[in-house]
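Undergrad: one predicted model, sequence on top.
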Amino acid sequence: MKQLLKKYYIIAAIIPAIIGIIATSIFSIIDTIGYKSEWLTRESAIFMDIIFSTVYCGVICILSLTIFFNQFEKVRKNIFLRICSWFLLPFSFITMVFIHEINVEKIKYFIPLILLNVPFILGLVFSYVIFLKKQNLQKWNLKS
């Protein structure tokens, strides 16, 4: 079960993190064309965006470690605990960041946030669906 959860964790957190960092880096390179500032060069602004996206993705990857609670039978059999272990912490963090950005009204930062968060949302949902299908197959095979 641990190996399967490791596979699901990679689908839910690691691959979306890589996609998010690459997408944000590309967006930053495109967004900073013609960038001029007294304080930062274009390259340092891009570097800061890459560092921010790496830290942000790292936080979500750490929060997604709760997926491994599904190795315990009690969590795996209880739908509420299973959903909480899969989605509660990462989605709470993503929601808090979006609420903060809406309150601060920094619409400029919405595109990078979307580029960072959509892969995680899709990865978490996709890995959970695969996990459920695998659980149902195992249940079905045990009854036969």
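TA: Happy to help now that I have it.
Undergrad: helix, strand, or coil at the residue most central in space within the chain?
TA: Centroid-nearest residue in the chain, with C-alpha atoms, centre = their mean: residue 120, separated by 2.9 Å. Put simply, residue 120 is helix when judged by DSSP: H, G, I helix; E, B strand; the rest coil.
Undergrad: now swap in residue 54 and tell me
TA: Three-state assignment for residue 54 (three-state DSSP): helix.
Undergrad: check residue 40 too.
TA: Going by three-state DSSP: residue 40 is coil.
Undergrad: pretty sure it sits against residue 48.
TA: Yes. In terms of C-beta atoms under 8 Å, residue 40 counts as a neighbour of residue 48; the distance is 7.5 Å. For glycine as for every other residue, the C-beta is placed from the backbone atoms N, C-alpha and C.
Undergrad: let's see the pLDDT reported for residue 124.
TA: At residue 124, the model reports a pLDDT of 96.
Undergrad: same thing with residue 31?
TA: For residue 31, pLDDT reads 88.
Undergrad: any idea how far the residue nearest to the centre of the chain is from residue 59?
TA: Distance of residue 120 to residue 59, computed by C-beta to C-beta, to the nearest Å: 11 Å.
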